[in-house]
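Asker: coords below, sequence missing:
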């Protein structure tokens, strides 16, 4: 009797595992885009964009994927070379260049999510995979975050797209013959989309990827009000930054610093700090001004938008709200999955995840395919000339000269 019970249990487990593997461990990616030559080429040459597979059993839950991606997954330590840039208002911020091999064929500019910088694990992981593919990486750092210290009593929790323009212009000026691509994460993706829409045909970036963007600022505010756990987590990140710069806020005439110290949600911080120092009348006005929704139809370069419908932060309602604008723009491909969480899309075994995530693979596949088509459209003569300029870039780029495996010149070791 015991043997039969054990056998029945084993058969049941086997059936459940097979069922999970067949019906839940993979799903087809839903694509929304115009029927253009470029989009057809991308879909044909991005194998990872067709299916999100090898999902661990716990990956069926968007909250677990989100927590793993943001708090558990670790990345390698890199050497970076730091540059300090200034916007038109005299506010400084940092960009970090990743040491790379001489076979670098393009530059990928990375824009982290809220309060992010080059020391974040998801950024270190993505930079690692870019490097393996032969790309140079430059990472924009949120002002006041990481080791950076604000020089002015001005800070935005939703990011400033003007900083991205300064960074892209700077990178292009240094290396005008090298194609520039961009990948943005979460609020960094929102900033990137806003920049691309504002610049239109003048955007320096050749193609871009947006990961887990929320698009609509006003609707995002309403959802943040309902999702108190994530609002508290995001508020905690900013309170660390605010505490580090308390000398800027304590005597500020428009700010009640004692109330900010007691703030327990992102909405409260924005109401007490962001709207005051940035001169917005209401918090609704502040969020509306920083959304990317109204800029989507003005994007003129190939852009891939990745969203998971179980994302607890960039909710599926925000994706639905953006579909009308996306449908008007033939330059945009929207790829959605039922599972994935916020900046998650974990892949691996039945339980154990791999270091590389689906979003990493898709982003690099898209950039590779876009670069291939753009090179082809220039013609073989132009393509040869471009390759020559890339080799020249590799020889002259100070970030590319190796010395015992480390980048020559001034370097910085990011701390975990």
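Answerer: Looks like it came in fine. Quantities reported herein were computed from a predicted structural model and do not represent experimental measurements. Residues are numbered from 1 along each chain as shown.
Asker: going forward, measure contacts and count neighbours with C-alpha atoms only.
Answerer: Noted.
Asker: my read is that residue 162 contacts residue 192, right?
Answerer: No: using C-alpha atoms under 8 Å, residue 162 is not in contact with residue 192, being 10.0 Å away.
Asker: in the protein, mark out all the strands, start to finish.
Answerer: Taking DSSP state E as the test, the strands found in the chain are 27-28, 30-32, 51-52, 79-86, 92-98, 107-111, 136-140, 180-185, 207-211, 303-308, 332-337, 402-403, 406-407, 412-413.
Asker: redo those strands as a markdown table? Include mean pLDDT, mean neighbour count and distance to residue 152.
Answerer: Below are the strands of the chain laid out as a markdown table (pLDDT from 0 to 100; neighbours: other C-alpha atoms under 10 Å; distance: least, C-alpha to C-alpha, whole Å):
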| stretch | mean pLDDT | mean neighbour count | distance to residue 152 |
| --- | --- | --- | --- |
| strand 27-28 | 92 | 15 | 48 |
| strand 30-32 | 96 | 15 | 43 |
| strand 51-52 | 96 | 19 | 44 |
| strand 79-86 | 93 | 16 | 12 |
| strand 92-98 | 94 | 22 | 9 |
| strand 107-111 | 97 | 26 | 22 |
| strand 136-140 | 96 | 25 | 18 |
| strand 180-185 | 98 | 24 | 25 |
| strand 207-211 | 98 | 26 | 29 |
| strand 303-308 | 98 | 26 | 34 |
| strand 332-337 | 97 | 21 | 37 |
| strand 402-403 | 29 | 12 | 37 |
| strand 406-407 | 30 | 18 | 32 |
| strand 412-413 | 36 | 13 | 24 |
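Asker: residue 162 and residue 192: who's more crowded?
Answerer: In this view residue 162 and residue 192 are compared by other C-alpha atoms under 10 Å, and residue 192 has more residues nearby, 29 against 15.
Asker: so where's the stretch 51-200 of the chain shaky on pLDDT?
Answerer: The stretch 51-200 of the chain contains residues with pLDDT under 70 at 100-104.
Asker: distance to residue 235 added to the strands of the chain, as CSV?
Answerer: Below are the strands of the chain laid out as CSV (distance: least, C-alpha to C-alpha, whole Å):
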stretch, distance to residue 235
strand 27-28, 34
strand 30-32, 33
strand 51-52, 32
strand 79-86, 26
strand 92-98, 21
strand 107-111, 20
strand 136-140, 21
strand 180-185, 18
strand 207-211, 21
strand 303-308, 23
strand 332-337, 28
strand 402-403, 41
strand 406-407, 36
strand 412-413, 28
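Asker: looking at those, which is nearest to residue 236?
Answerer: strand 180-185 (19.0 Å; C-alpha to C-alpha).
Asker: tell me what angle that closest one forms with strand 107-111.
Answerer: Counting by axes from the mean of the first three to the mean of the last three C-alpha atoms, to 10 degrees, strand 180-185 points 20 degrees away from the direction of strand 107-111.
Asker: give me the sheet partners of strand 180-185 and which way each runs.
Answerer: Take DSSP bridges as the rule and strand 180-185 pairs in its sheet with strand 107-111 (parallel), strand 207-211 (parallel).
Asker: could you dump these to a markdown table with distance to residue 177?
Answerer: Supplementary listing: the strands paired with strand 180-185 in a markdown table, determined by distance: least, C-alpha to C-alpha, whole Å:
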| stretch | distance to residue 177 |
| --- | --- |
| strand 107-111 | 11 |
| strand 207-211 | 16 |
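Asker: nearest to residue 64, out of the ones you listed?
Answerer: Residue 64 sits nearest to strand 207-211 of all the strands paired with strand 180-185, at 17.7 Å, using C-alpha to C-alpha.
Asker: tell me where the model's unsure across the stretch 201-350 of the chain.
Answerer: Scanning the stretch 201-350 of the chain for pLDDT under 70 picks out 227.
Asker: from residue 197, how far out is residue 58?
Answerer: From residue 58 over to residue 197 the distance is 37 Å, taken as C-alpha to C-alpha, to the nearest Å.
Asker: next one: residue 350
Answerer: Remark: distance between residue 350 and residue 197 (C-alpha to C-alpha) = 41 Å.
Asker: okay, those two: which has more neighbours?
Answerer: residue 197 (22 against 16).
Asker: do I have it right that that one meets residue 297?
Answerer: Yes: counting by C-alpha under 8 Å, residue 197 touches residue 297, with 7.2 Å between them.
Asker: thank you, goodbye.
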